[in-house]
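Asker: how would this look folded up:
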Amino acid sequence: MTKEEILKVETYLKNKFSNENIRLVPSKSDTDMAEVYIGNEFIGTLYRDEDEDEVSFDFNMSIIDIDLK
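Answerer: Modelled structure (predicted):
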């Protein structure tokens with residue numbers, strides 16, 4: 001994932017969720033992944049996928065039951 005792609009997706013997420021505190025941090029171990037944060041809280045991962053010259057991004061957020069209390 002390039003820095004340009006990260007900035008574009010970060011801007012998209014900030015606009016989509018009306019939250020300027022969203023930030024993406026490139027993974028140190030996986031070039032096609034970034035970590036997603038709101039402020040300093042890690043909330044999920046973002047993966048870049050390319051299939052037949054079409055690029056998409058997959059946001060994955062796990063919610064465990066104790067967080068729902």
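Asker: my read: Val9 touches Leu24, true?
Answerer: Yes - in terms of C-beta atoms under 8 Å, Val9 counts as a neighbour of Leu24; the distance is 6.4 Å. Every residue, glycine included, has its C-beta placed from N, CA and C.
Asker: the two: who's more crowded?
Answerer: Just comparing Val9 and Leu24: by other C-beta atoms under 10 Å the higher neighbour count belongs to Leu24, 24 against 19.
Asker: beta partners for the more buried one?
Answerer: Beta bridges link Leu24 to Val36, judged by DSSP bridges.
Asker: now do the contacts for it.
Answerer: Neighbouring residues of Leu24 by C-beta atoms under 8 Å, 6 or more residues apart in numbering: Ile6, Val9, Glu10, Leu13, Ala34, Glu35, Val36, Tyr37, Leu46.
Asker: and the last one, how many neighbours?
Answerer: Here the number of neighbours of Leu46 (other C-beta under 10 Å) works out to 24.
Asker: need the three-state assignment for it.
Answerer: Classification of Leu46 by DSSP: H, G, I helix; E, B strand; the rest coil places it in strand.
Asker: let me know the helix or strand that the nearest residue to it once chain neighbours are set aside is in.
Answerer: The spatial neighbour of Leu46 that comes closest, neighbours along the chain excluded (C-beta to C-beta, 6 or more residues apart in numbering), is Ala34 at 4.7 Å. Assigned by DSSP states H and E, Ala34 belongs to strand 33-38.
Asker: do Thr31 as well
Answerer: Applying DSSP H and E, one finds Thr31 in no helix or strand.
Asker: tell me the contacts of it?
Answerer: Met1.
Asker: same deal with Asp58?
Answerer: Taking C-beta under 8 Å, 6+ apart as the criterion, Asp58 is in contact with Leu46, Tyr47, Asp49.
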